[in-house]
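**Q** Kindly generate the corresponding structure for this input.
(2 chains, ligands or ions: 2)
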Amino acid sequence: MSSAIIHFPNYLQIQSRVPLWCWFALRVGSVACALGMAALLVLKPELGLPLWWSVIVPVLPAVFFIAPGLWRNVCPMAALNQTPRLFGFTMGRTHTRRIREYSYVVGIALFLLLVSSRKWLFDQSGVASAALILFGLGGAFLGGLIFKGKSGWCSSICPMLPVQRVYGQTPFIMLRNAHCQPCVGCTKNCYDFNPGVAYLADQYDEDPRYSGYRRLFVGLLPGFILAFFTIPNGQPAGEVYLHFALYAGLSLALFHTLDILLKLPRNGLTVLFGALAFNFYYWFAAASWASSVGKLAGTALSDAVPMTIRVLLALLTLAWLTRSVIREGWFREQTAQETVNLATRLGAGASAALREASAAAQAEVVVEPDQRRLPAAAGATLLELVERGGCAIESGCRMGVCGADPIAIKDGMGNLSPVGDDEKNTLARLGHADNTRMACCARILGGTVTIALKPDTAGAPIRSGKAPANPDIKQVVIIGNGIAGVTAADHVRRRHPDCEIHVVAAENHALYNRMAITRLIYGRSAMQGLYLLPENWYKERNIDVWLNTAAHSIDPAARTVALADGEVLNYDKLILATGSNSFVPPINGYGGDGCYVLRTADDAMSVRSYAQRSQARHAVVAGGGLLGLEAAYALHKMGLRVSVIERNAWLLHRQLDEKGGLTIQRYLNSLGLNIVLNAQLDGVVRDDAGQQHAAVKDEAAIPADIFVVAAGIAPNIALAKAAGLTVNRAVVVDDAMRSSDPHIYAAGDVAEWQGKAPGLWPVAVEQAEVAACNALGEARDYAEPVLSTMLKVVGADVVSIGRFAPQDGDEVFVEEDVAAHRYRKLLVAGGQFAGAILIGWPAFNEPLGKAVKGRAAISPAQLAGLRAGQWDVLL
Amino acid sequence: MGLSSFFDYGVPDASPETEPAPVFLGDASTDDWRQLLAVAEHRRFDVGEQLIEAGERSRAFYIVGLGELEVLAPGKGGRLQRIALIGQQSIFGEQAFFDGRPRSASVCATQPGELYGITPEAFEVLAARAPELARAVLFDLGRILSLRLRNATGNLFKGRR
Ligand SMILES: Cc1cc2nc3c(=O)[nH]c(=O)nc-3n(C[C@H](O)[C@H](O)[C@H](O)COP(=O)(O)OP(=O)(O)OC[C@H]3O[C@@H](n4cnc5c(N)ncnc54)[C@H](O)[C@@H]3O)c2cc1C
Ligand code: FES
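**A** Numbers count the residues shown, from 1 in each chain, chains lettered A, B, ... in the order given. Ligands and ions are numbered 1, 2, ... in the order given. Next comes the predicted model:
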C-alpha cells in the first residue's frame, strides 16, 4: 500500500504550505472581491464587463490546470458554502441516492447553459452578470446550509466543478484542502480529498452511468469551446443555442467514435479531449485577454503576448498529457491489486466456537516436507489429523492391521501413544525403519509431533539371524497372495532364513488393501495407493512370488502343486491362503451387462470404467452388510442414484442391533441413499427400452444400470476339495491351522476354525502367523481375537466391537440421539466389557475398543457413572 | 470497490456507496458453528506460509479463524501481485468448492493464524448430520459468490478494453 501514498496522496498526506489563517484571510478577500465585482458590473458595466469576462474569468482555467487546489481553497462560493459548517449552523444533510447521481449532471447543465448564454446575455449585461455572481454566491451558501461537507455545492452542482475536474485532474502544484476539518465523507471520489486520483476514480467507476456523465462532458467540451469563439456576440438566443448544440454534438460524436475505434486506456481519450478543450480555449482567449488587459491598463501589450501564452500553455499541456498517462498507469497497477473484494464477515455465533476449537487443539502435528501445521486435540489419531488437515494419506482398517498408513515420526515420538499388539505386528510385516508408526494407531498425547507421510526405509535388510526352526523344511509353498498368504510368507521367513518360499498369486498385483478397493470406484485412491508393501519387499525377503499364476491342483501324496502355466512346485509344507470370492446366490437374470461383485481391485476398476463408459445413473446394491454399504457409498460418491436392498429388517445386522441399524439407515438416507429393507429380490430384468431393473417383491422396480451383489463370501475351496481335504463351508482346520492333511495348513478367509469362517482381515493375519509357526514345527494354538468392525463410510462413524446381543445377566447401557444420528451401546458381562456399538462417537472408539478386546474389568466408578448416564467416565 | 482505499475518509458509513461486507452464517448459533467446525480441516499457519497454490486441485472453502492472508495472482510480467487481503473471521475459496476447477490464485499468510477448510466431502457429512445448517451454508456461500461475481463483472466493465 505504500505506493498509494507516493503516487496519490490524499489531502491528509499533503504537506500544507500555507498556514490556515492565510487561507481564511484570502477567502474574506475573495468574497469581498466577488461582491465588489457584482457592484462594479451593475454600476459601471463598461468597466466591469471586460474586467470580469475578458480578464478575470479567462485566468481561471489555467489556475484549474496548474494549481486547482488554489481555487478550491479561495473560491468565494466555496467560502460562503463552508460558512455554515464553520459556524456550526449547517443542517448537515446527506445526499439522497437521486441527488448523489444527478447533482453533477445539474452542474454540467448549468455550465453549458450559463456559458452559452454569455453570448446573448451576460457578456452584454452588467446586471445579468452581477446577478449571476450573486446567484453563485447565494446558491453556494444555501447548499452549505442544507447539506453536509461540501456536498451542497462545491462537490455537487457547482457549474465550475466539471471543468475543474477535467483540467485539474493532474495538478502541477498540489495544495492541501484547507476547508474540510475534519473530512465528513460527504462525497464519492471527493476531489478535495484526493485531487490526483479523483478524476481517474470517476472514469474507472463500476457504475457505467457515473463515469458516463463525466465522459459526456469532456467529449463535448472542445466543440462547445469552439462554438463559443465561432459565433459573434449579439445573435438571437435561439441561434446561439443551436450553434452551441451543433458544435458540442459534433464533438461528442467524434469522442464516441474515437472511443470505439482507438484502443486507449480508459482515461486516454478524456485526457486528450481535455487537452484539446484547454488549448482551443486559450488559442482564442489569449488574444482577447491581452487586448482587454491592454485596454484596461491603458497601454497596449506587446503583440507577442498572445502567442507566448498559447505556446507556453501548449508546452505545459504536453507535460500534462504525459503525466496524466503515466499516472493512469500507476493507478491501474494499484487498483489491479485491489480489484477483488473478498471482505466477508462471520456470523456472531462463530467467535465462541472458533475460540473453543482453537483452545481444544493445544497439541500440534507438523507434516514434512512443507511443514504444514495441524492443530490437534489430545487423543486424536495421526490418521484423523492428517486426513482432516487435507493431506493425502491412504487408509484401510483404521485399526493397525492392514498396513495402509505407515508414516515416519521425525520428532516427538514420546508424545505419541505406545505401540499396541496389532500395530506391532503390522510394523514388523512392513519392515520399515524404527521410527515408523501406523497413523491410525498413533494418538497424540500433547506437545508437537513432526511426521513425514512416507516411511523411512530400514537401514539394514531384514534377515532373521536365528537358526532355522526346522532344517528339514526346504520348500514352503503358499497359495494366495492376500494378507493371509503374505503374512504367512513373512513369518516363515522370519523363522527360517533359507528355505525356499513360493507365493502363488492368481491376481496380477502385489499385496494390496482389499478393504479399500471401493475407493477405486470413486477415484479416492488409485491402484498405486492401495499397495501395502514397500517395493522390493518380496525380493528383500527372498520370497518367490508367482503373480498372475493360479494354482491348478494339489497332489498331497506327491506334495506338489501344479500351476496353471504347467509349472510344478514341490513343497514340504503348503499353506492355503486362497481367500474367498463373493458369494452370489441364484438371482434370475444376473450376469449380464452392469452386474458385478466386489472382491478384487480389478472388480472395482471394472465397475468404475463401466459406470463411466455406460453413463450409468442408477445403481442397486444387493446386500446391506459392511461391503454392501461401502460399495453403495462408493457408487453414491460417483454420482449415481443408489438403492440398497437388504433381506433383513435392518442394515448391518451382523454388526448392529436394530436401533443401530436404524441410526445408520437414517444417516445414509440423508446422504441420499435409498434403502429397502425386508426385501425379497425376484431378479434382475431388462424392460423393453433396455433399462435394467432390480425386481423386488412388493416394490416398484428399481432402476439398476449397475447391479452389485454383496451377499457375503464364498471361500475358495475348489483346490482343497479336489485334493481331498476335509472341507465344510471352508477348509476345516484345527487349532494349529492344520487341515486334514498334516502338511497342508490353511489361514484367512479360506479357513474354517470351530465352524467359523468370519472373513475378516485381523483373523487372516492372526491365523496366518499361527499357520506359519506350526508349519515350521513350532507349536502354537490359534485363539480367536475379540473382533471389531468399522464401516468405512465417511462421517458415519460406525464401530461394532465384540458382541452386541445381550445374554442373560448382561448389563446393557444404551443411549440414542436420533437428531444427531448418534447411538451408543455397551454390554457388561461378569464385570467385564463384553461388547459395544458406537455410532457417531469417535472419541470412544479407542478406549472401548481396547477395553472390550482386552476383556478389561469395569471399575465400580465406571459402572456408577454409566448407570447415571455419564459415559464420559469411560474416556 | 477497488478504489475505496484512495478515499478512505475515515468516517464510519461515510461512503454510502460501499456496501457492508456480506455475512456468512449470520443466523447460526454457536452450536451450529461447533458442528461446522467439527467436520472441518484445521490448519495453523505462519507468516509467509503458502496455503493455496494457484492451479492446485484442492476443493475446500476456508474459514479464517485468526490471522490474515493475501491473495496473489500473476500480474504484469508474471510477477505475483496481491489482489486482495483476507482478514480474520472471513471466508474464501468457495469458487473451487463449487466448480472443482483449479485454484485461480495463490494464498499466503501475512499474519500467523488458523483456518478451517470444508471440503465437499466434509460438507456432505454436514449435510447428512445437519441438513438445515448445510442448507444455510450453501445458501450463504452462493450469496457471497454471487456478490463477488458482481464485483468481478463490475471490474470487467471498467477495466481495459
Ligand atoms: C471391499 C471389502 C471390504 C472389506 N472390509 C473389511 C473390513 O473392514 N474389516 C475386515 O476385517 N475385513 C474386511 N474385508 C475382508 C478382508 O478383506 C478379508 O477377510 C481378507 O482380505 C482375507 O484375506 P485372505 O488373504 O484370506 O484372502 P484374500 O484377500 O481373498 O486373498 C486370497 C488371494 O488368493 C488368490 N487365489 C485364490 N485362489 C487361488 C489359486 N487357485 N491360485 C492362486 N491364487 C489364488 C486370490 O486371487 C486372492 O488374491 C473386506 C473385504 C472386501 C472385499
Ligand atoms: S489403516 Fe492403519 S493399519 Fe490399516
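
**Q** Just give the number of residues close to residue A:446.
**A** By other Cβ atoms under 10 Å in any protein chain shown, 16 other residues sit near residue A:446. The way it works is simple: take the backbone N, C-alpha and C, and place the C-beta from them, glycine included.

**Q** okay but it is in contact with residue A:378, surely?
**A** Yes: in this structure, residue A:446 is within contact of residue A:378 by Cβ atoms under 8 Å, at 5.3 Å.

**Q** And residue B:156, what's its pLDDT?
**A** We have a pLDDT of 52 for residue B:156.

**Q** Run through the residues of the stretch 701-850 of chain A sitting next to chain B.
**A** A:794-795, A:820-821 (Cβ under 8 Å from any Cβ of the partner chain).

**Q** Residue nearest the middle of chain B, spatially speaking?
**A** residue B:92 (1.3 Å; Cα atoms, centre = their mean).

**Q** ok, that residue - contacts?
**A** By Cβ atoms under 8 Å, 6 or more residues apart in numbering or on different chains, residue B:92 lies in contact with A:342, A:344, B:61-62, B:64, B:69, B:71, B:86, B:107.

**Q** For it, give its distance to residue A:832.
**A** 52 Å (Cβ to Cβ, to the nearest Å).

**Q** Counting neighbours, what do you get for whatever residue of chain B ends up closest to ligand 2?
**A** Residue nearest to ligand 2 within chain B: residue B:121 (17.6 Å; Cβ to the nearest ligand atom). Residue B:121 has 16 neighbouring residues, counting by other Cβ under 10 Å.

**Q** just for chain A, where's the confidence low?
**A** Low-confidence segments of chain A (pLDDT under 70): A:1-6, A:335-342, A:460-469.

**Q** before we move on, what SS does the residue of it found nearest chain B have?
**A** Using Cβ to the nearest Cβ, the closest approach of chain A to chain B is made by residue A:185 at 2.3 Å. Here residue A:185 is recorded as coil under DSSP: H, G, I helix; E, B strand; the rest coil.

**Q** Could you check how many residues crowd around residue 26?
**A** Here I'm looking at chain A. That count, for residue A:26 with other Cβ under 10 Å as the rule, works out to 16.

**Q** Chain B is the one I meant
**A** So residue B:26, with other Cβ under 10 Å, has 14 neighbours.

**Q** The closest residue to it other than its chain neighbours and residue B:125: what is the separation?
**A** Once flanking residues are discounted, residue B:26 sits nearest to residue A:347: 4.3 Å by Cβ to Cβ, 6 or more residues apart in numbering or on different chains. Note on residue A:347: its distance to residue B:125, by Cβ to Cβ, is 21 Å.

**Q** ok, now how distant is the residue in the stretch 251-400 of chain A that ligand 2 sits nearest to from residue A:382?
**A** Taking Cβ to the nearest ligand atom as the measure, the stretch 251-400 of chain A has residue A:397 as its residue closest to ligand 2, at 3.7 Å. Taking Cβ to Cβ as the criterion, residue A:397 is separated from residue A:382 by 15 Å.

**Q** Those two: who's more crowded?
**A** residue A:382 (29 against 26).

**Q** so the more buried one touches residue A:437, yeah?
**A** Yes: the criterion here is Cβ under 8 Å, and residue A:382 meets it with residue A:437 at 7.1 Å.

**Q** pretty sure residue A:426 is in a strand, no?
**A** No: with three-state DSSP as the criterion, residue A:426 is located in helix rather than a strand.

**Q** ok, it - how many residues close by?
**A** Each residue near residue A:426 was counted by other Cβ under 10 Å, and the total is 27.

**Q** before we move on, what about residue B:45?
**A** For residue B:45, using other Cβ under 10 Å, the count is 23.

**Q** Which stretches in the stretch 201-350 of chain A count as helices?
**A** Ranges of helices within the stretch 201-350 of chain A are A:208-230, A:237-261, A:268-297, A:304-336, A:350-360, based on DSSP state H, counting those that start in this stretch.

**Q** go on, chain B?
**A** Counting by DSSP state H, chain B has these helices, from start to end: B:30-39, B:94-99, B:120-129, B:131-158.

**Q** could you give the angle of the longest one to helix A:208-230?
**A** Meaning helix B:131-158. 20 degrees (axes from the mean of the first three to the mean of the last three Cα atoms, to 10 degrees).

**Q** Helix B:131-158 packs against which elements?
**A** helix A:208-230, strand B:23-24, helix B:30-39, helix B:94-99, helix B:120-129 (3 or more Cβ pairs under 8 Å, 6 or more residues apart in numbering or on different chains; DSSP states H and E).

**Q** Tell me which residues are up against the last one.
**A** Which is helix B:120-129. In contact with helix B:120-129 (Cβ under 8 Å, 6+ apart) are residues A:667-668, A:670-671, A:794-795, A:820-821, B:35-36, B:39-41, B:59-60, B:97, B:100, B:118, B:133-134, B:137-138.
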